[in-house]
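*Asks:* Prediction below, plus the sequence it came from.
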Amino acid sequence: MKKAINVTVNGVGHNDEVEPRMLLVHYLRDVLGLTGTHVGCETSLCGACTVLLDGQAVKSCTMFSVQADGASVKTIEGFASNGDLHPVQEGFWERHGLQCGYCTPGMIVSAAQLLDRNANPSREEICHGLEGNLCRCTGYQHIIEAVEYAAKKAAG
Amino acid sequence: MADKYVGRRVKRTEDPRLIKGLAHYVDDIKLPDTLHVAFVRSIYAHARINNVDVSEALNVPGVVAVYTGKDVADKVGPVPCASALPDLKVPDHRVLAKDKVYFVGHPIAAVVATDRYAARDAVDLVMVDYDDLPAVVDVEQAAAGSTVIHESFGDNIAYKMSSGEGDIEAALSSADKVIKQRILHRRLAPIAMEPRGVLARYYPGEEELTVWSSTQIPHLLRTQLALMIGIPENKLRVITPEVGGGFGSKLNVYPEEALLGWISMQLGKPVKWIETRRENIQATIHGRGQVGDIEIACKNDGTLLGLRYNVIADLGAYHQLLTPAIPTLTGLMLSGAYKIPAIQINITACFTNKMATDAYRGAGRPEATYVVERALDLVAAELGVDPAEVRRKNFPAANEFPFHTATGLDYDSGDYEAALNKAQQIVDYKTLREEQKRLRAEGRLIGVGVSTYVEICALGPSQAMPAGGWESATVRIEPTGKVTILTGASPHGQGQETSFAQIAADELGVDLNDVTVIHGDTGVVQYGIGTFGSRATAVGGTAVLVAIQKLKAKASKIAAHILQTDATRLSFEGGKYSLEKAAASAAGASEPVVPVGEAPAAALPEPETNGRTSLTIQEIALAAHLAKELPPDTEPGLSATYFFEPKNFTFPFGTHIVVVEVDRETGDIKFLRYVAVDDCGKVINPMLVDGQLHGGICQSIGQAMYEEVVYDEQGQLVSGTLMDYALPRASHVPNFELDRTETPSPVNPLGIKGVGEAGTIGATPAIVGAIVDALSPFGVKHLDMPIKPETIWKAINTSH
């Protein structure tokens, strides 16, 4: 039995009928074709699937798409505007905050929320804010520097 | 002319698509009518299969087919093992289990359905009737062999091998000291953030099969899949789209890759399988897995005389591509950075009821470095001297290279003392040791760990490799002047789209953004070997360089012809061939002549030639394609291909110094300093080198302090999710202080040694050494990894 949902994703409204058990990440990836959000663990530990749900970072592999009914979702594809990178995206590029790139969308989403809450975080606060995101390539140092870059950039 | 690109921190050209979420990993490729595959996997470590009943599964709406081991036994060939060792026992490794299962996660049946949820539903309805058997889990018990896994072999020993040079018995009997230590290298899971994934599409009309796979070795995979499936290799195309990390785990040929190809051929539709993380920890190769006994012989002054390493290697149930070879790589590197006149390794490699071990970042070499570095620490502790000084005493001097080891290698170049000196300077070693003494007197547990590692990279000469050790490149300049590089290396995060473009942009004098690097598609790229063993830049980058040199040799002939001079009178600079000054004035040419008249609108522009004294490489490319003004016997077009065969491995090295503080109440370990001075030869892009080191050291931190694949006594996988298999997170890593020395390798013209695995090889013993040093007031001389708070508590509370 499918259920109708209405979700706004990156500013665009979508009305779809989905199986109640369909995960939000599969709705984004397979129904809407927004494949920037990745699946890395299915147990909400790696954070590759992180998106913003009404402004809150959530792991889209551990919630159902029906739970997003009526909500506004922002995925990695919604971060650059008019061709301009978001400061966090820019930081990741400038500071080599990625290698294979698989964890990167989730990292960027988490880092953006972290900076929304704390515009000038310390190294410890950045590490704490990224506790929910795993990276196997970078050893995190360049990710931390990328977030510091974004904080500085946003402060002008 | 722009500054040179090589040696600069150039931002990666691959990044924009990745940071915008617009890159394509396997699961991001959507083909119409794709069917989804899910696997039924063994819940037992060792069991006989009486029956597999698929009838209920077939009734699930959306299920199209279910294939069992019986269905495919004579259709899909065995999973290959490329290691050829004398008297190696090679089990018949079928893509699906038929009569017996040998490890938890062993694939038994493949369910194909119209969507992934239906496939997963049906997996639970496949009824497997098992008779469970005693599981062989402990590798030492496997060697003893009361239960035999592969019955026809009679025991669980896959092979035994001894190697090394020098008289080890004499060294051990004549030494002032012989120190013994048992050490464990736990099984680790590589955990690439993108699990494996395969998409296969058969085109019945063309009789062609395309397989998209998250792999490090597209061409080797194509060859092997062609043999397994029985399709001509030239009708099979393997594409590696974006690959989300590998670390050796995707340097392999897996059952699922062949099965998906075969299923697509049966059903005539695209089929996709995306590995879950649970499957990834069960059925993607593990790394390490050795139990070893070290004996190190030395004089009272610290001079090393001999090293013996008796090791039992846990291979798992089957051989994957390189499984048996990994312990032999440990044997190769047992001399470390030291003069050790006699070395012997005795390997007993055993089957167990677990997933296969194979190449995980470092692949046998981290084990060797750990053995040697721990041994040196034990010598230092026994003799009461500083661990840095024992190391310094036994280094070969910089003028002793090429340095021959008792493991049969010839190290290419090195200055080990320079790296040690630099690292000691950075930490202010003398003051650090005094400070440690002072704080220790206050009761604080401060430890300093030193590792002076050497590794073997740029794999490697083909004579020493199972399937070719060369790498290939094609470089071509298109009619519009854009440069295309096709590399046989298959990078997956290392950044060669940028670093190879840096090499090409400098050599051709073009803008970096005019260079595109294409890789990972056997339908487009000439045969290549792949990315592993810290080889892509040292071997593949050299292929790019030499291909460019070949291309330029042709370009200069064309330039000479058009400029009506001799190629020897042309100089190349800033992307231009110019008549040398004297020659130019003799020719009487001055300003370039502006061409007169209009070219037909649809035609390509004519190259400007007459009266000119110089031609850009782009103008030559156009002329080469128009082919109206070529020297006699010159082929049209401007491209060159080169297959580079290295004459030796390369041997990067360095010194890592770690300072930790251990909390005696909680067992918590805090990094106070992490200093790494690495020498990877010449550097193309320092930013990428830093990134490789950070990531490698982080994986070492995981190995030293967190990670372990745990099977219980029944062979059940206890650490089966990321909830139970602990990976380092951002707050677990220190601020890395990196520096370098630069000793060019004579093995390749770029002088590159390689850096992909340095971090995982050099760091682990330094971290363990630091923790052991912190606990030395309690008489602790060695601790086995992973060193957890519990380990610390036990060490403190059992040594009193």
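*Replies:* Here it is on my side, so go on. Residues are numbered from 1 along each chain as shown, chains lettered A, B, ... in the order given.
*Asks:* Quick check on the residue in chain A that chain B sits nearest to: phi, psi?
*Replies:* In chain A, the residue that lies nearest chain B is residue A:36 (2.0 Å; Cβ to the nearest Cβ). Every C-beta, even on glycine, is put in place using the N, C-alpha and C of the backbone. In terms of degrees, to the nearest 10, the main-chain angles of residue A:36 are phi -70, psi -30.
*Asks:* what's the pLDDT at it?
*Replies:* With respect to pLDDT, residue A:36 scores 98.
*Asks:* residues in contact with it?
*Replies:* Residue A:36 is in contact with A:75-77, A:105, B:20-23, counting by Cβ atoms under 8 Å, 6 or more residues apart in numbering or on different chains.
*Asks:* Which residue comes closest to residue B:551 once chain neighbours are left out?
*Replies:* Nearest non-adjacent residue to residue B:551, counting by Cβ to Cβ, 6 or more residues apart in numbering or on different chains: residue B:640, 3.9 Å away.
*Asks:* domain ranges for chain A?
*Replies:* Under automatic domain parsing, the residue ranges defining each domain of chain A are A:3-78, A:87-155.
*Asks:* in the stretch 51-200 of chain B, which spans are helices?
*Replies:* B:55-58, B:69-72, B:116-123, B:139-144, B:168-174 (DSSP state H, counting those that start in this stretch).
*Asks:* Looking at the ones you listed, which one is packed in the most?
*Replies:* For the helices of the stretch 51-200 of chain B, the largest average neighbour count (mean count of other Cβ atoms under 10 Å in any protein chain shown) is found in helix B:116-123, namely a mean of 21.
*Asks:* what residues does that helix touch?
*Replies:* When contacts are defined by Cβ under 8 Å, 6+ apart, helix B:116-123 is touched by residues A:19, A:21-22, A:26, B:36-40, B:57-58, B:60-63, B:66, B:111-113, B:274.
*Asks:* one more time with 10 Å, if that's ok
*Replies:* Helix B:116-123 has contacts (Cβ atoms under 10 Å, 6 or more residues apart in numbering or on different chains) with A:19, A:21-23, A:26, A:30, B:27, B:34-41, B:54, B:56-64, B:66, B:108-113, B:115, B:272-274, B:276.
*Asks:* which of these count as buried?
*Replies:* Buried subset of those (neighbour count, 16 or more other Cβ atoms under 10 Å in any protein chain shown): A:19, A:22-23, A:26, A:30, B:27, B:34-41, B:54, B:57, B:60, B:62-64, B:66, B:108-113, B:115, B:272-274, B:276.
*Asks:* what packs against the host helix or strand of residue B:475?
*Replies:* Per DSSP states H and E, residue B:475 falls inside strand B:471-477. On a contact count with 3 or more Cβ pairs under 10 Å, 6 or more residues apart in numbering or on different chains; DSSP states H and E, strand B:471-477 meets strand B:483-487, helix B:496-508, strand B:515-519, helix B:542-562, helix B:617-626, strand B:639-644.
*Asks:* Please produce JSON lines containing these, extended by mean pLDDT, mean neighbour count and distance to residue B:394.
*Replies:* Listed next are the helices and strands packed on strand B:471-477 as JSON lines, based on pLDDT from 0 to 100; neighbours: other Cβ atoms under 10 Å in any protein chain shown; distance: least, Cβ to Cβ, whole Å:
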{"stretch": "strand B:483-487", "mean pLDDT": "98", "mean neighbour count": "24", "distance to residue B:394": "39"}
{"stretch": "helix B:496-508", "mean pLDDT": "98", "mean neighbour count": "25", "distance to residue B:394": "35"}
{"stretch": "strand B:515-519", "mean pLDDT": "98", "mean neighbour count": "20", "distance to residue B:394": "41"}
{"stretch": "helix B:542-562", "mean pLDDT": "97", "mean neighbour count": "22", "distance to residue B:394": "32"}
{"stretch": "helix B:617-626", "mean pLDDT": "98", "mean neighbour count": "23", "distance to residue B:394": "51"}
{"stretch": "strand B:639-644", "mean pLDDT": "98", "mean neighbour count": "19", "distance to residue B:394": "34"}
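*Asks:* quick one, which of these is nearest to residue A:132?
*Replies:* Between residue A:132 and these, the tightest spacing by Cβ to Cβ is seen for helix B:496-508, at 29.5 Å.
*Asks:* elements contacting the closest one?
*Replies:* If contacts are counted by 3+ Cβ pairs under 10 Å, 6+ apart, helix B:496-508 sits against strand B:471-477, strand B:483-487, strand B:515-519, helix B:542-562, helix B:617-626, helix B:686-705.
*Asks:* Can I get it in PDB? Just the C-alpha atoms.
*Replies:* Extracted C-alpha coordinates of helix B:496-508, given in PDB (Å, rounded to 0.1, in the frame of the first residue of the first chain):
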ATOM      1  CA  GLN B 496      46.100  11.600 -10.500                       C
ATOM      2  CA  GLU B 497      43.700  13.500 -12.700                       C
ATOM      3  CA  THR B 498      45.500  16.500 -11.300                       C
ATOM      4  CA  SER B 499      49.000  15.300 -10.700                       C
ATOM      5  CA  PHE B 500      49.300  13.700 -14.200                       C
ATOM      6  CA  ALA B 501      47.900  16.900 -15.700                       C
ATOM      7  CA  GLN B 502      50.600  18.800 -13.800                       C
ATOM      8  CA  ILE B 503      53.300  16.600 -15.400                       C
ATOM      9  CA  ALA B 504      51.800  17.100 -18.900                       C
ATOM     10  CA  ALA B 505      51.100  20.800 -18.500                       C
ATOM     11  CA  ASP B 506      54.800  21.400 -17.600                       C
ATOM     12  CA  GLU B 507      56.200  19.100 -20.300                       C
ATOM     13  CA  LEU B 508      53.900  20.600 -23.100                       C
END
